[in-house]
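Enquirer: Okay, predicted coordinates and the sequence, questions at the end:
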Amino acid sequence: SQELEQSPQSLIVQEGKNLTINCTSSKTLYGLYWYKQKYGEGLIFLMMLQKGGEEKSHEKITAKLDEKKQQSSLHITASQPSHAGIYLCGADRGYSTLTFGKGTMLLVSP
Amino acid sequence: KAGVTQTPRYLIKTRGQQVTLSCSPISGHRSVSWYQQTPGQGLQFLFEYFSETQRNKGNFPGRFSGRQFSNSRSEMNVSTLELGDSALYLCASSPLPAGSNEKLFFGSGTQLSVL
């Protein structure tokens, strides 16, 4: 089974709507990373969360870490076409190594 | 500052051949790691190098190998290519030494197609 489960697998939202992507780990989380990827391209770093209860925001994207539940959520407010892409969560596994979820594909319709 | 550079960007090979991919990390970054991304399995860790030493290895067959040079540039090699090796291969560099982590900086990847 997958160490990091992301939900939903894919998402289509209307422009201007809010959305949430979840990432649940089967192992203890020591650090959780969120990346965005355009299809066939490299990953763009969004945010890193290290402490339970930590919440970070960048522009219209907010990420939270619930250490007890071993979960993280990524929330986008007032989605725009530029938010479209694949969102990946990655768990810190030491030695500059991350284990990733399979990703959530986000489409934003006009 | 230049980002992580991967070459080539696209590659087409046939079954049984071997391939070498190259990665130049961001200047000053000493850790380089490699990932394989496929639609079915997602992003999977291959190996990580720091100061020319492999510190961590994922669950891939011995056909997948890598190395790091004294200037931190890294190469990965896949021998006896199989159809299932078709994937996007991503390289990432990190500025930190052993025992600590921060964000990884990813290259644009090499798209390998095996026919």
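Expert: On my side now, so go ahead.

Enquirer: could you say what helices and strands whatever helix or strand A:Thr99 lives in packs with?
Expert: Using DSSP states H and E, A:Thr99 sits in strand A:98-100. Here strand A:98-100 touches strand A:85-92, strand B:42-50, going by 3 or more C-beta pairs under 8 Å, 6 or more residues apart in numbering or on different chains; DSSP states H and E. C-beta coordinates here come from the backbone N, C-alpha and C atoms, glycine included.

Enquirer: Tell me which of those strands lies nearest to B:Arg67.
Expert: Among the helices and strands packed on strand A:98-100, the nearest to B:Arg67 by C-beta to C-beta is strand B:42-50 (7.3 Å).

Enquirer: Tell me which strands the next helix or strand after the closest one pairs with, and in which orientation.
Expert: Sequence order places strand B:53-57 as the next helix or strand after strand B:42-50, per DSSP H and E. Sheet pairing of strand B:53-57 (DSSP bridges) gives strand B:42-50 (antiparallel).

Enquirer: Give me the angle between the strand it pairs with and strand A:85-92.
Expert: Put simply, strand B:42-50 runs at 50 degrees to strand A:85-92, going by axes from the mean of the first three to the mean of the last three C-alpha atoms, to 10 degrees.

Enquirer: if we can go back for a sec, check the helices and strands packed on strand A:98-100 for me and report the most buried one.
Expert: Stretch with highest mean neighbour count among those: strand A:85-92 (a mean of 24; mean count of other C-beta atoms under 10 Å in any protein chain shown).

Enquirer: residues making contact with that strand?
Expert: Residues outside strand A:85-92 that contact it (C-beta atoms under 8 Å, 6 or more residues apart in numbering or on different chains) are A:3-4, A:6, A:21, A:23, A:25, A:27, A:29-39, A:43, A:46, A:72, A:74, A:98-101, A:103-106, B:43, B:101.

Enquirer: Quick check: beta-bridge partners of the nearest residue to A:Glu54 once chain neighbours are set aside?
Expert: With sequence-adjacent residues excluded and distances taken as C-beta to C-beta, 6 or more residues apart in numbering or on different chains, A:Glu54 is closest to A:Leu65, at 4.9 Å. Assessed by DSSP bridges, A:Leu65 has beta-bridge partners A:Ser72.

Enquirer: Contact partners for residue 16?
Expert: Chain wasn't specified; assuming chain A. Counted by C-beta under 8 Å, 6+ apart, A:Gly16 has contacts A:Ala78, A:Ser79.

Enquirer: I was after chain B.
Expert: Residues counted as contacts of B:Gly16 (C-beta under 8 Å, 6+ apart) are B:Thr80, B:Leu81.

Enquirer: Which element, helix or strand, includes it?
Expert: Counting by DSSP H and E, no helix or strand carries B:Gly16.

Enquirer: distance of it from B:Arg63?
Expert: To B:Arg63, B:Gly16 is 11 Å away according to C-beta to C-beta, to the nearest Å.

Enquirer: Show me the common contact partners of the two, please.
Expert: Residues touching both B:Gly16 and B:Arg63 (C-beta under 8 Å, 6+ apart): B:Thr80.
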